[in-house]
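**Q** missing the sequence, but the structure's below:
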């Protein structure tokens, strides 16, 4: 089994992946790639929330309503998070990831195809070997590391640190004009973004 090299900034986030990777469990490679995928999705969600939470009308008092809007939207996924970040007229994910974006994005599309099957207990039909699962875990790590670097540089937030709301309120505002002003208009905007 190849070595799982985790960049320092991802060490805490990937502690569980590393534990699975180093175990003797017969499904450790599948489990590692699936856990990594969850972390990939979470990072994109946190980056999206970071921008949204910077809205001046989103406060401790209104945060629960905004979070409820996201919790009740069934169309949020990595693709819609990327699109929503772009729709907020901030630096897009493609730019944050940088020169590796084209290659890594293509690989993530491929991984997603079998991830969706495996997540629902189905057979992928792709005869994916252990070595490929290892490579795919490392590709997700590479994407997240690149996105974290870009997010830190441009937004002052990497999408990895917990307490996104606190970080959003402490950072310089990265969005100039928000297309919503409260939870109700955020809900309408988010529904529009995730249905198109």
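**A** Structure received. Being a predicted model, the structure only gives us computed values, none of them experimental.
**Q** and the helix or strand harbouring residue 38, which residues are buried?
**A** Secondary structure from DSSP states H and E places residue 38 in helix 28-53. With burial defined by 16 or more other C-beta atoms under 10 Å, the residues of helix 28-53 counted as buried are 28-37, 39-40, 42-53. Yep, even glycine has a C-beta here, placed from its N, CA and C like the rest.
**Q** Next: stretch 161-178.
**A** Buried, per 16+ other C-beta under 10 Å, within stretch 161-178: 161, 164, 165, 167, 168, 169, 174, 175, 178.
**Q** tell me the mean pLDDT over that stretch?
**A** The average pLDDT for stretch 161-178 rounds to 94.
**Q** Show residues contacting it.
**A** 46, 49-55, 63, 88-91, 154-157 (C-beta atoms under 8 Å, 6 or more residues apart in numbering).
**Q** quick one, what contacts the spatially most central residue of the chain?
**A** Nearest to the mean C-alpha position of the chain, by C-alpha atoms, centre = their mean, lies residue 44 at 2.5 Å. The neighbours of residue 44, taking C-beta under 8 Å, 6+ apart as the test, are 78, 81, 82, 85, 93, 147, 159.
**Q** Poorly predicted segments of the protein, please.
**A** Within the chain, the ranges that satisfy pLDDT under 70 run 196.
**Q** What separation do you get for residue 19 and residue 31?
**A** Remark: distance between residue 19 and residue 31 (C-beta to C-beta, to the nearest Å) = 10 Å.
**Q** Hmm, I typed the wrong one, I wanted residue 93.
**A** Distance from residue 93 to residue 31, by C-beta to C-beta: 26 Å.
**Q** Over to residue 56?
**A** For residue 56 relative to residue 31 (C-beta to C-beta), the value is 42 Å.
**Q** Report the buried residues of the following helix or strand past the helix holding residue 38.
**A** As assigned by DSSP H and E, the chain's next helix or strand after helix 28-53 is helix 60-72. Across helix 60-72, burial judged by 16+ other C-beta under 10 Å covers 66, 67, 69.
**Q** With distance to residue 136 added, can I get those in TSV?
**A** Below are the buried residues of helix 60-72 laid out as TSV (distance: C-beta to C-beta, whole Å):
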residue	distance to residue 136
66	34
67	31
69	33
